[in-house]
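Novice: The following comprises the amino acid sequence and a computationally predicted model.
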Amino acid sequence: MSNLVKISPSILSADFSKLGSEVISLEKAGADYIHIDVMDGHFVPNLTIGPEVIKNLRPLTKKIFDVHLMISPVNNFIKDFAKAGADIITFHPEATDNISNTIKLIKKENKKVGISLKPKSKIDLIKDYLSEIDLVLIMSVEPGFGGQKFMPEVLEKTKSIKEIIKSKNLKVDIEIDGGINFENCSMAKKAGANILVSGSTIFKENKGNLKKNIEILRKN
Ligand code: DX5
Ligand code: ZN
């Protein structure tokens, strides 16, 4: 089993006038997952796409749709995103009044469960649920926009979560999301991330050479 990290490009930085061909290009460029940022203008001060768009993207690729729900309340939409074709459904603990119930709703749809921590959100919020989920998404920027600066203070939190997962012998992926670039990607891996999300670095560096940028993030 390759111990190379998985790369999950965020389509928030893609050209929204041609999301379909952008997703196909990402698959051709070697993306492991497709990171889809859903924002409702309420949980975060930005508005992006809903289940309809995901439903239209689904037939274009077999790649895992790593759906990051920055919406609240989140429960009402889980079924819609599951039916639209999400493979991993990640929510924020602050977006539900009952974390266990939200986990159950996602599992009922036979989807993988992720929980995301904003930079200032504490591990205590999620540590009791680690045995029930598949992925922890550690945000290294305040949620809402691509192209922000990486916040290195989340690396400590990443190491602590990695330690807890190891000590309990759990199989939980750690994904770091926000401001990942060619300089900080190795720090993110050293801290314990095995999946890296990147939007602006992948779409903008090296004149938008997706394949090259994905490879550099994976190998550095
Ligand atoms: C921010 C999103 C991130 C963002 C990553 O709220 O969750 O996934 O799109 O984009 P970059 O890599 O540009 O920070
Ligand atoms: Zn995201």
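Specialist: Thanks, I have the structure now. Ligands and ions are numbered 1, 2, ... in the order given.
Novice: And the residue of the chain closest to ligand 2?
Specialist: Taking Cβ to the ion as the measure, the point where the chain comes nearest ligand 2 is His68, at 3.7 Å. (Each C-beta comes from the backbone N, C-alpha and C, glycine too.)
Novice: got the buried residues for the longest helix seen in the chain?
Specialist: Longest helix in the chain by number of residues (criterion: DSSP state H): helix 154-167. Of the residues in helix 154-167, those with enough neighbours to count as buried (16 or more other Cβ atoms under 10 Å) are 154-155, 157-158, 161-162, 165.
Novice: which other helices and strands contact the host helix or strand of the residue of the chain closest to ligand 2?
Specialist: Element membership of His68 [criterion: DSSP states H and E] is strand 64-70. When contacts are defined as 3 or more Cβ pairs under 8 Å, 6 or more residues apart in numbering; DSSP states H and E, strand 64-70 sits against strand 33-39, helix 51-57, helix 75-84, strand 88-91, strand 112-117, strand 195-198.
Novice: Within its local environment, how many residues does Asn110 see?
Specialist: Neighbourhood size, Asn110 [other Cβ atoms under 10 Å]: 8.
Novice: Pretty sure Ser160 sits against Ile126.
Specialist: No. With contact taken as Cβ atoms under 8 Å, Ser160 and Ile126 are classed as non-touching, separated by 11.5 Å.
Novice: average model confidence for stretch 127-146?
Specialist: The average of the pLDDT scores along stretch 127-146 is 98.
Novice: mind showing which ranges of the chain have poor pLDDT?
Specialist: Across the chain, the ranges flagged by pLDDT under 70 are 1-3.
Novice: which bits of it sit near ligand 2?
Specialist: Proximity of the chain to ligand 2, by Cβ under 5 Å from the ion, involves residues 37, 68, 177.
Novice: go with 6 Å
Specialist: On the criterion Cβ under 6 Å from the ion, ligand 2 has as its neighbours in the chain the residues 10, 35, 37, 68, 177, 197.
Novice: The fifth one: what's it in contact with?
Specialist: Residues touching Asp177, when contacts are defined by Cβ atoms under 8 Å, 6 or more residues apart in numbering, comprise 10, 35, 68, 116, 137-141, 197.
Novice: I'd like these as a markdown table, with distance to Ala86 and neighbour count appended.
Specialist: Output for those, formatted as a markdown table (distance: Cβ to Cβ, whole Å; neighbours: other Cβ atoms under 10 Å):
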| residue | distance to Ala86 | neighbour count |
| --- | --- | --- |
| Ser10 | 15 | 25 |
| His35 | 11 | 29 |
| His68 | 10 | 27 |
| Ser116 | 14 | 23 |
| Leu137 | 14 | 27 |
| Ile138 | 20 | 25 |
| Met139 | 19 | 24 |
| Ser140 | 22 | 26 |
| Val141 | 22 | 19 |
| Val197 | 15 | 30 |
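Novice: tell me the contacts of Lys55?
Specialist: Lys55 makes contacts with 83-85, as judged by Cβ under 8 Å, 6+ apart.
Novice: any chance of those in a markdown table, plus neighbour count?
Specialist: Compiled in a markdown table, the contacts of Lys55 are given as follows (neighbours: other Cβ atoms under 10 Å):
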| residue | neighbour count |
| --- | --- |
| Lys83 | 13 |
| Ala84 | 20 |
| Gly85 | 18 |
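Novice: picking up where we left off before, identify the residues contacting the longest helix of the chain?
Specialist: Under the criterion Cβ under 8 Å, 6+ apart, external residues in contact with helix 154-167 comprise 117, 119, 123, 127, 130, 136, 138-140, 172, 174, 176, 187-188, 191-193.
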